[in-house]
Structure formats: C-alpha cells, structure tokens
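Enquirer: One predicted model, sequence on top.
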Number of protein chains: 2
Amino acid sequence: MTPRLGEAELTSLATSALEGLGLAPRDAADSARILVLADLFGLHTHGVSRVASYGERVDLGGICAGAQVRVEKVAPAVARVDGANGLGPLVGMRALEAAMDLARECGVGMAFARASNHFGPISPYGYIAAEAGFATMIGSNATTTIAPWGGGDARLGNNPLGFGVPQPGGPPFLLDMAMSVAARAKIRSAAAKGEPIPATWATDAAGRPTTDAKAALDGFLQPVGGHKGYGLALTVDLFAGLLSGAGFLTHVSSWSADPQKPQDLGHFFIALDTTKLGAAEWLAGRMADFRAILHASPPSDPSSPVVVPGEIELARMARFRDEGIPLPQDVIDSLHAFAKRKRAPA
Amino acid sequence: MTPRLGEAELTSLATSALEGLGLAPRDAADSARILVLADLFGLHTHGVSRVASYGERVDLGGICAGAQVRVEKVAPAVARVDGANGLGPLVGMRALEAAMDLARECGVGMAFARASNHFGPISPYGYIAAEAGFATMIGSNATTTIAPWGGGDARLGNNPLGFGVPQPGGPPFLLDMAMSVAARAKIRSAAAKGEPIPATWATDAAGRPTTDAKAALDGFLQPVGGHKGYGLALTVDLFAGLLSGAGFLTHVSSWSADPQKPQDLGHFFIALDTTKLGAAEWLAGRMADFRAILHASPPSDPSSPVVVPGEIELARMARFRDEGIPLPQDVIDSLHAFAKRKRAPA
C-alpha cells in the first residue's frame, strides 16, 4: 500500500531534507512549500521526489545549496534576481516575492531571474500569489528538447508557461502548461511498454513525425499547434532567459548530460495586484460567473463535465489534505536519508 | 492587375476614410496606422479592408465614431482604459500608449481596456512598441467561436495573444496568434470549394471532430493543443475581459449577429521598458545571437530554412514599402467612398 503523509508532516520532512542538503532553514522551508504544493496538486513528478535529483546535483557541485539569492530593483516595478546557482524553487520563491512586493507598490511588478535551476511546476507559485490577491504570468526556460519549427535539431526547451487569477473566497484559476503536445515522460512510458505513440507527439532524429516511441526518444518533442507552440516556447525563452540575463536556447546546459555544471536557467514572474482594479466582491462575482458559464456548457461526454483549469488540482489538494498525500516509500526513504545529514553532516 | 499604393498614400486615404466615418483627425490617423501596418505585414484580412465593416457598424450605431477614450491611472504602473465603444484600433492605440507611458516611469506598465471593439491584428502594436524599445504582451477577447474543452457549445472566443521583443537596430521578434488550429476563414474557403478539412481543425454542431467543412461552419473551432489552447484562450479572456471590466465569454456580443449592439470587447497591454534591464547594445547582441542559433538549425526541408516569428511579416513590409502595397480595387473604392463623406457629410 502506498504510504500517505499529512501536509504538515511532509512539509517538515522535506524541509529537513533540504536543510540536510545545506539550505538555510528559511530557504529550505520556502522551497519545500513549492514541492509539497506540487504533491498536493497531484503533480508528483515535480514534487518532493525531486529532492533526490536536486541532491545529486548539489553533491556534484552543479547546484549551490548555500546560494545567497540577490534581488536588485532596476525600476519601481521591475527587479532582476540573481539566483547565484541556488535551488530552483528557492530562486523562484524569492522572485515571486519580489514581483508581489513591486506589485503592492505599483499595481504590477515583474521579476526576472537568472542563474537558476529547475524551479518545480508553476501552479504552486500561481496558487500562493492568488491566495494573496495577485494574478500572475510566470514562465521558465529549460534544457533543449524541441526543434525550431521546420528545423532538424533540438534548440529550444519545452518551456513551461503558467497563469493564475484569484477568485476571492473561492478557488483560483490556475493554468500550467508546457509547450509540447505530450510530455517526454509519456513517450518514455510508451517505449518501455513497446507501444506506438500518436504521430503528433514527436519526431525522429531526422525531424520526421514518428509513431515509434523509441525513435521519438532519439528525436524531438512536437510543440502544440506546430508553429504556434514554437512561437510561444520562444516567447517564454525571450522573457525568462534572454531578457533576464540568463542562458537561452542552446546556452542552457543540460541537467542530465552535465549535472555538475550550473545550468543558468531563467524565469520571469509578473504579478498584478487585482485589488487595484476592483473590490474583492467585484472580482469574486465575476470569477464565479466566468466559472458558471463554462460549467453550463453541455458536455459532449455526459460523464465528463467541463472543468476550468485548476479545478482538478485543487480538488486533489482538498482530498489529499483530508486523506494524506500518497507517496512511494522510496521517495520517503530518500527524504529521510537527506534529513539525516542535517544531524550528522558528511 | 492588383493596384499597389505607397504607404504614405494609403495612410492618407485610410485616415480620410476614418475621418469620413466621424473620427477626429488625430484619432483617424492613429487608427489608420494600425490598419496600414497590418497591410504592410501582409495581414490584409485585418488591414484597411476592415474600414468597410467598421463603417457598417458605425452607420448602424454599433460603434461610436466620436468616442472619447478615457485613460484612468489606478496605480503607478496600471491604467484602466474606457473605450467608450470607440473604434477598436483607436482604443488599442490609446491603451498601448498608456502602457508605454507607465513603463517609462515604472519599468513595466499594464493597461486594461473595456468597452472596445475589434482592434485589428496584434503585431502592429507589438511593432510600434518594439520600435520604441518596449517588449509587449497583448491580448484581446472576441466573439464566441470555441467550445470549452469537452463542452458542446461556443462559449469562448478565438482570443488573439501576441508578443513583441525589440532587437535594437534590427528586426523585432513579433508573434501574433489566435487560439484555434486553423482560422475560420480557411474553413469557409474549403467549404466554398467543396473540399474536406483536417479532422483537427473543427467540430460539427454536436462537438464531434469533422472533416466536412460545411458541418464545421455550423460547429466550433478546435483550440491548439486541445485543453492547452482552451486554457490559453481562457487566460486571455480573464486578463482582457474579466479583469478589464469588459464583457467576457458569452457576455461579448456578436459583431455579425448584432452589428448594431456595442460588443464591450476588452484588451490588455503589458509594456516592458527593456532599457531598464540593459543597454541597447546588450539587447541587440543577445537578440542577434538568439536569431542566429535558430537560423543555424538544419532545415528538414532544405528549401524552407527556419524562420523566427516576425521575419515573414517584416520581409513583406520591406518589399511592400519598395513596390507598394497590393490591395483589391473594391477595397480602395470603398475607402474613397468613406473619404468623400468627410467633404460632404450625409
């Protein structure tokens, strides 16, 4: 049976594990918050299971556990954040906080982070901001896995882009999407089972669409909407990588091929203080109406009513808060192993 | 042979036509700039050919030609723009200017426009901003043509979203995309020719994917990437419609079904003053590098090298500035007819 942990218990364990990796207590707690929210949303591939791979890179010198993240305000509503090659969720939290601080003053705030690493999924950041009344637009670049549209080699990342809009007193709108039609993990799983994949998911190494999952693993992910997804992935890299001062396109180094090397990943965070546009009741009413209009659409499959982005994740969170968060035993064991280092440093 | 007009000549004619519709001279000139840029980019369906349909709605009382657009600063970096049911490109230009003004002060500026109408394509706004050193994120909502993902009736628009990033001394990055796999105009054209369409473009009236172009015209456009495009279209509506105070989802009235009714369309404009992040040489160098990395990808079809979004449109602009802008005679005649009203009001 899969063990289940309460939110407080998992947060405490993940925080200790990150402290074991060398993070200061507050930095560890803030990073753990992102990863635990990911698990609460059911995004287990981006949750506390990541501590093991982060730890591997810390041990190899690829990530700096004791990084001092620096925030530099370059205009009343814009900050540059130097991640100092720190843990991604730590850099992400500091950049999100910077964007929200600027937005409190100016209505909107924008933070550009460089010298960062994999920062987890986007929806936890969007959720934290929405709970505080901020709408967000957030993006990150990533290791190259996608070919330029019409090109024959991987030169851009499956750069995630996410958005959050608060519904005061209700569930926020939360969208978190990568630019590929399907995640690489799905192709890996099909290859392991010897199953074919739809021709729209990926190309082979020569850039030709393929249904052979193994050939696809040697090739490139296909972006959603072809040239449209290509354009969106570039846009995310321009804001997250190029404008932030981070690496971009092929300058982002590969976590798996060069785990000991700083990746110089970049992110951008835009936070909008929605209270500047109207009272909480005004926004709550409009968001409830928005949601009701979508829910009232007759479903093409009566067993699958229309959902609004974020509803599935927030329903999981409610359930997991009630029943505990299911986690494989090896993930829990790994967290305990890292946590032990805190008491007995190597 | 298709007549060709110089940029200055077409701008002057389109300005006169809009003055004939009742716009004040400066408002007419600013609106004409957007439409002429659309034609220079080769986006003729969204260029000066639109003056005829705008004029039809002005004559029916659906658009207010003499609208006084009002800009209200609600925070140091945020403005609300009341379009007063004015011409879309006029409201769009005033909102873009507001966002750029705020960004000059604060580094980033955000303008939310309500009570607006169809504002043309996005790339002209992105181009104008990029020429002045601003990166942009711009979106608009639209009449409903897309069903919620898994839903059975049209409840959201094919909401366009666009981005611009300047390359000082060089061509800007310009992306302008709607959320559907294919434009409705393409389906209309296939239906007229009796040709089938790919099953990924649209559904029939019951929400089932169809290859029958005629059935598709009674159905709904399919969003790019399925649930991903659905989520993006909703995001655009949340920022452009819901947060702006405009209509959203089914509250946006249909231009074709109710041309006499104000649509209450909304837009959002985010402008970022890139000079706050680094010097022009820094940005120019990084943008040139970004472009070169993409161009160097070996093309899967040797006759089609990789392009960066905006390059096709900017190449057309260079050519049309040289050779004149090709326009159908009936479009030119229609502009002259509207321009005549200026001298002899009805």
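Expert: Received the coordinates, thanks. Numbering: from 1, shown residues only, chains lettered A, B, ... in the order given.

Enquirer: per-residue confidence for A:Ala346?
Expert: In this model, A:Ala346 is scored at 49, pLDDT.

Enquirer: which residue ranges form the strands in the stretch 201-346 of chain A?
Expert: A:202-203, A:220-221, A:265-273, A:325-326 (DSSP state E, counting those that start in this stretch).

Enquirer: May I have the secondary structure class of the residue nearest the centre of chain A?
Expert: The centre of chain A sits closest to A:Pro121, judged by Cα atoms, centre = their mean, with a distance of 1.8 Å. For A:Pro121, the assignment made with DSSP: H, G, I helix; E, B strand; the rest coil gives coil.

Enquirer: how is chain A carved up into domains?
Expert: The record's domain parsing of chain A by automatic domain parsing lists A:4-180+A:223-278+A:318-343, A:181-222.

Enquirer: Redo those as JSON lines? Include distance to B:His295 and mean pLDDT.
Expert: Quick note: C-beta positions are derived from backbone N, CA and C, even for glycine. Output for these, formatted as JSON lines (distance: least, Cβ to Cβ, whole Å; pLDDT from 0 to 100):
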{"stretch": "domain A:4-180+A:223-278+A:318-343", "distance to B:His295": "9", "mean pLDDT": "96"}
{"stretch": "domain A:181-222", "distance to B:His295": "16", "mean pLDDT": "90"}
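
Enquirer: Distance to chain B added to the ones you listed, as JSON lines?
Expert: As requested, the domains of chain A are exported to JSON lines (distance: least, Cβ to the nearest Cβ, whole Å):
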{"stretch": "domain A:4-180+A:223-278+A:318-343", "distance to chain B": "3"}
{"stretch": "domain A:181-222", "distance to chain B": "4"}
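
Enquirer: coming back round to it: looking at the strands of the stretch 201-346 of chain A, which is nearest to B:Gly88?
Expert: Closest of those to B:Gly88 is strand A:265-273, at 23.1 Å (criterion: Cβ to Cβ).

Enquirer: Tell me how far that closest one lies from the chain's centre.
Expert: Centroid separation between strand A:265-273 and its chain, computed with Cα atoms, centre = their mean, to the nearest Å, is 12 Å.

Enquirer: ok so, going back, out of the domains of chain A, deepest packed?
Expert: domain A:4-180+A:223-278+A:318-343 (a mean of 22; mean count of other Cβ atoms under 10 Å in any protein chain shown).

Enquirer: so how far is that one off the chain centroid?
Expert: Relative to its chain's centre, domain A:4-180+A:223-278+A:318-343 lies at 5 Å (Cα atoms, centre = their mean).

Enquirer: about what we covered before: closest one to B:Ala65 among the domains of chain A?
Expert: Comparing the domains of chain A under Cβ to Cβ, the one sitting nearest is domain A:4-180+A:223-278+A:318-343, at 28.3 Å.

Enquirer: OK, contacts around the residue lying closest to A:Gly266 once chain neighbours are set aside?
Expert: Leaving aside its sequence neighbours, A:Gly266 sits nearest to A:Ala246 (Cβ to Cβ, 6 or more residues apart in numbering or on different chains; 2.7 Å). Contacts here follow Cβ atoms under 8 Å, 6 or more residues apart in numbering or on different chains; on that basis A:Ala246 touches A:Ala113, A:Arg114, A:Ala115, A:Ser116, A:Asn141, A:Ala240, A:Val252, A:Asp264, A:Leu265, A:Gly266.

Enquirer: how close does A:Glu281 sit to A:Gln167?
Expert: A:Glu281 is 11 Å from A:Gln167, where distance means Cβ to Cβ, to the nearest Å.

Enquirer: nope, A:Gly285 is what I was after
Expert: 10 Å.

Enquirer: now the helices: where do they sit in chain A?
Expert: For chain A, helices defined by DSSP state H occupy the ranges A:7-21, A:25-40, A:50-60, A:88-106, A:123-131, A:184-193, A:213-218, A:227-237, A:280-295, A:311-323, A:329-343.

Enquirer: can I get those helices in a markdown table with distance to B:Gly229?
Expert: Formatted as a markdown table, the helices of chain A follow (distance: least, Cβ to Cβ, whole Å):
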| stretch | distance to B:Gly229 |
| --- | --- |
| helix A:7-21 | 33 |
| helix A:25-40 | 24 |
| helix A:50-60 | 28 |
| helix A:88-106 | 26 |
| helix A:123-131 | 18 |
| helix A:184-193 | 18 |
| helix A:213-218 | 22 |
| helix A:227-237 | 8 |
| helix A:280-295 | 15 |
| helix A:311-323 | 17 |
| helix A:329-343 | 33 |
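
Enquirer: Tell me which residues touch the residue nearest to A:Asp237 when sequence neighbours are not counted, please.
Expert: Distance criterion Cβ to Cβ, 6+ apart; nearest residue to A:Asp237, sequence neighbours excluded, is A:Asn141 at 4.6 Å. Counting by Cβ under 8 Å, 6+ apart, A:Asn141 touches A:157, A:159, A:236-237, A:240-241, A:246-248, A:252, A:265-267.

Enquirer: repeat that for 7 Å
Expert: A:Gly157, A:Asn159, A:Val236, A:Asp237, A:Ala240, A:Gly241, A:Phe248, A:Val252, A:Leu265, A:Gly266 (Cβ atoms under 7 Å, 6 or more residues apart in numbering or on different chains).
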